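Novice: structure for the following, please:
(chains A and B)
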Amino acid sequence: MRYSQLLLPTLKETPAEAEVVSHKLLLRAGFIRKITSGVYSYLPLGLATLRKVEKIVREEMNNGGAQEVLLPMVQPADLWQESGRWDKYGPELLRFKDRHGRESCLGPTHEEVITTLVRREVHSYRGLPLNLYQIQTKFRDEIRPRFGLMRGREFIMKDGYSFDATEEDAGKTYETMHYAYHRVFSRCGLKFRAVEADTGTIGGNFSHEFMVLADTGEDTLVICKKCTYAANMEKATAMAPVAPVEEVALLPLAKKETPGKRKVGAVTEFLGITAQELVKTMVYLVDGQPVAVLLRGDHEVQPVKLKNLLGAVEVEMADDKQVFDATGVPTGYLGPIGLKIRVVADREVALMKNFVVGANEKNFHSLNVNLGRDFEVEDVADLRMVTEDDRCPVCGAELNLTRGIEVGHIFKLGKTYSQALNGVFLDNQGQEQHYVMGCYGIGVSRTVAASIEQNHDKDGIIFPLPIAPFQVVVLNLSPNDEVITAAAEKLYLEFKQQGVDVLIDDRDERPGSKFKDADLIGIPYRLTVGKSFAKEGVVEIRKRVDGETSSLPLAEVVPDLTARIRTELAAVV
RNA sequence: CGGGGCGUAGCGCAGCCUGGUUAGCGCGCCUGCCUUGGGAGCAGGAGGCCGCAGGUUCGAAUCCUGCCGCCCCGACCA
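Specialist: Numbers count the residues shown, from 1 in each chain, chains lettered A, B, ... in the order given. Okay, the predicted model is just below:
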């Protein structure tokens, strides 16, 4: 491609709307432009990069035995009503009526459509296993789109769905996809980690997320320093607490005035105790109903765990007014004794003795409180966030908390959808069975953004070779000089003949602009044809990633660099 | 939706508090000259519904009200 003919509007200054580095650089480098909140146009370089990622995804999915299809984006409501998700999915599902008044939605995911397709076409175990995928624009009406391509409302996703006859086969498919995902993200040049994850609205019972490690990530990961345990904070558990060996005598319940002491820190300081000796009572609205969660003073609620425990659709923290309306107690003095709403406790609380809680009366706390003697709870479960002080639930070693960007998520769905949508086949005994399903997503456009989050410097993007929009950029520093131009054009044509993705900067610009733009758009190899060619007949080769620079005579450049590129691409994984 | 912030030329911003000629600056864009290894220089030029609507006023980018859009923090998630 010729730069002079390319729509590549680079910017010197960062548009004010961009906050994170990938968004800033995607805008500055002329890859994307926003059309409205969370919806972007891809310019030629943005699309080229997207296509590179897609190609890798296709190759690895196909290698893993999956077949590509393309499913409709507009989906009828009745399919979603049949699966039960029309009501469950919430406002993220963009719904509308067509001219006949039929309710429809834009597909945020495709379990309903794919299951309907397969149940109509596959009626025998002989047709299984079946693994289908597509790469397509998804629409999710996100509450708050942000960070450019990182969380758009419209985005490019690879979604795949597998159908197996047995749990065992489904497990094998899951492992195959797990491996394929490893290959995809490795080939994309990303530093990533697969972690155990919550299954969210997709449902199912087992899943892994593929997380690109980056400080700007929206997720917190809990990773064992020693063993292979790694989980999303939403799912992560700490080593289970153990009851102390020696019996602790239960002290008599007491009430103490704690004027104005509402926060954990204030109460513990006032009473001269530690946060580990206090139990705080947090009120959440669980599908609109208030539920009190008991938690050790130094711990935090993990809302996803609460949601899963109670089988809820929506969980949010109650504000002061909602707390008062539900309990008649101002926040800060809430406790479980005599509380009229549902009460659940974190498992750590169940082992505590003689602790402090709010007395359900302004300016008073209860001392020497004990579960079982002074109050009961409806449920005891792991409901809290893991902290850096916790230990690995598998091996007991220390844990690391780090940030990650979710670029892939694979689920064992089991029979959830095949039962809901009556997806059945006859096994080799002639018995009717439901398919055992799995589903597998990759955020293709997000992967591009994640790669930039991980690979950039002050000058711009540093694309890994496999996903760079161009592999080589040839800078013609003197378009008005016939000798230099002839040499640059020769390189350009020869690279094209070799199948190398090459961009030639043939603009009538000063050298400085060309260097800056080449750095900004992140092309892995930069060739400069200029003064040193006129003088010594050599072309400068510079690697974007480390600035390593060498010079070669014109005739050697294409064979040498083509070989290097091929070796590098083959070396991945 | 709750909390915070912002809307002035393609991009980055000033002007607004304290209303008053023709709304300004840098970059970018166009023309010419000059320059050609890290976003040069000189000269000339084009480009604005000051987010939209209403109000106050002799007069509104500026004050008031409503609306719209965008960004950030939270719930959601590839």
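
Novice: okay, residue A:475: pLDDT?
Specialist: Looking at residue A:475, its pLDDT is 97.

Novice: tell me, how many residues neighbour it?
Specialist: 26 (other Cβ atoms under 10 Å). Backbone N, C-alpha and C define where each C-beta goes, glycine included.

Novice: check the one 5 residues further on too.
Specialist: Number of residues near residue A:480 (other Cβ under 10 Å) recorded here: 8.

Novice: now it: phi and psi?
Specialist: phi -90, psi 0 (degrees, to the nearest 10).

Novice: that one and residue A:555: what is the separation?
Specialist: 24 Å (Cβ to Cβ, to the nearest Å).

Novice: same thing with residue A:153?
Specialist: Residue A:153 sits 52 Å away from residue A:555, going by Cβ to Cβ.

Novice: residue A:294 too?
Specialist: As for residue A:294, its distance to residue A:555 is 77 Å (criterion: Cβ to Cβ).

Novice: more neighbours: those two, which one.
Specialist: Counted by other Cβ under 10 Å, residue A:294 and residue A:555 do not tie: residue A:294 has more neighbours, with 28 against 12.

Novice: which stretch of helix or strand covers that one?
Specialist: strand A:289-296 (DSSP states H and E).

Novice: quick one: mean pLDDT over that strand.
Specialist: Mean predicted lDDT for strand A:289-296 stands at 91.

Novice: centre of the chain to that strand, how far?
Specialist: Distance of strand A:289-296 from the chain centroid (Cα atoms, centre = their mean, to the nearest Å) equals 28 Å.

Novice: can you list the buried residues in that strand?
Specialist: Within strand A:289-296, the residues scored as buried using 16 or more other Cβ atoms under 10 Å are A:290, A:291, A:292, A:293, A:294, A:295, A:296.

Novice: counting contacts, what elements does the next helix or strand after it pack onto?
Specialist: Once the chain leaves strand A:289-296, the next helix or strand it forms, by DSSP H and E, is helix A:303-310. Packing contacts for helix A:303-310, counted by 3 or more Cβ pairs under 8 Å, 6 or more residues apart in numbering; DSSP states H and E, involve strand A:279-286, strand A:289-296, strand A:315-317, strand A:342-346, strand A:379-381.

Novice: helix A:303-310 near RNA strand B at all?
Specialist: Yes - interface with RNA strand B: helix A:303-310 contributes A:303, A:304, A:307 (Cβ under 7 Å from any atom of the strand).

Novice: you'd agree the first one is up against residue A:282?
Specialist: No - taking contacts as Cβ atoms under 8 Å, residue A:303 lies outside contact range of residue A:282: 10.0 Å.

Novice: who touches both of those two?
Specialist: Common neighbours of residue A:303 and residue A:282, counting by Cβ atoms under 8 Å, 6 or more residues apart in numbering, are residue A:317.

Novice: tell me the contacts of the nearest residue to residue A:224 once chain neighbours are set aside?
Specialist: When the adjacent residues along the chain are set aside, residue A:224 lies closest to residue A:392, with 4.1 Å between them (Cβ to Cβ, 6 or more residues apart in numbering). By Cβ under 8 Å, 6+ apart, residue A:392 lies in contact with A:224, A:225, A:226, A:227, A:229, A:239, A:398, A:399.

Novice: the buried residues of strand A:289-296: which two are farthest apart?
Specialist: A:290 and A:296 (21.0 Å; Cβ to Cβ).

Novice: just put the helices and strands packed on helix A:303-310 in TSV and tack on distance to residue A:125.
Specialist: Below are the helices and strands packed on helix A:303-310 laid out as TSV (distance: least, Cβ to Cβ, whole Å):
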stretch	distance to residue A:125
strand A:279-286	42
strand A:289-296	45
strand A:315-317	41
strand A:342-346	43
strand A:379-381	39
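
Novice: what's the closest of the ones you listed to RNA strand B?
Specialist: Of all the helices and strands packed on helix A:303-310, the one in closest proximity to RNA strand B, counting by Cβ to the nearest atom of the strand, is strand A:315-317 (5.5 Å).

Novice: just the mean pLDDT for the helix or strand just after that closest one, thanks.
Specialist: Moving toward the C-terminus from strand A:315-317, the next helix or strand (DSSP H and E) is helix A:320-327. Mean pLDDT, helix A:320-327: 84.

Novice: by how many degrees do helix A:320-327 and strand A:289-296 diverge?
Specialist: Using axes from the mean of the first three to the mean of the last three Cα atoms, to 10 degrees, the inter-axis angle of helix A:320-327 relative to strand A:289-296 is 100 degrees.

Novice: show residues contacting helix A:320-327.
Specialist: Residues from elsewhere that reach helix A:320-327 (Cβ under 8 Å, 6+ apart): A:283, A:285, A:290, A:292, A:318, A:329-331, A:334, A:339-341, A:360.

Novice: switch the cut-off to 7 Å
Specialist: Here helix A:320-327 makes contact (Cβ atoms under 7 Å, 6 or more residues apart in numbering) with A:283, A:285, A:290, A:318, A:330, A:331, A:334, A:339, A:340, A:341.

Novice: quick one: contacts for residue A:407?
Specialist: Contact analysis of residue A:407 by Cβ under 7 Å, 6+ apart lists A:185, A:210, A:212, A:442, A:443, A:446, A:447, A:450.

Novice: restricted to helices, list those.
Specialist: A:185, A:446, A:447, A:450 (DSSP state H).

Novice: quick one: which of those is nearest residue A:506?
Specialist: Among the ones in helices among the contacts of residue A:407, and counting by Cβ to Cβ, the member closest to residue A:506 is residue A:447, at 31.2 Å.

Novice: and the closest one, how far is that from residue A:137?
Specialist: Distance, residue A:447 to residue A:137, by Cβ to Cβ: 15 Å.

Novice: which positions in the stretch 301-450 of chain A make contact with RNA strand B?
Specialist: A:303-304, A:307, A:314-316, A:406-409, A:441-443, A:445-446.

Novice: apply 10 Å and report the result again.
Specialist: By Cβ under 10 Å from any atom of the strand, the residues of the stretch 301-450 of chain A that approach RNA strand B are A:302-304, A:306-307, A:312-317, A:319, A:405-411, A:439-447, A:449-450.

Novice: which of these are buried?
Specialist: Looks like these have A:302-304, A:306-307, A:312, A:315, A:405-411, A:439-447, A:449-450 buried, using 16+ other Cβ under 10 Å.

Novice: so which helix or strand takes in the most centrally placed residue in chain A?
Specialist: Note on chain A: the residue nearest the mean C-alpha position is residue A:406, at 1.6 Å, using Cα atoms, centre = their mean. Using DSSP H and E, residue A:406 maps to strand A:399-414.

Novice: which neighbours in the sheet does that strand have, and how are they oriented?
Specialist: strand A:206-213 (antiparallel), strand A:219-224 (antiparallel), strand A:436-443 (antiparallel) (DSSP bridges).

Novice: is stretch A:104-119 anywhere near RNA strand B?
Specialist: Yes - using Cβ under 10 Å from any atom of the strand, stretch A:104-119 comes into contact with RNA strand B via A:108, A:109.
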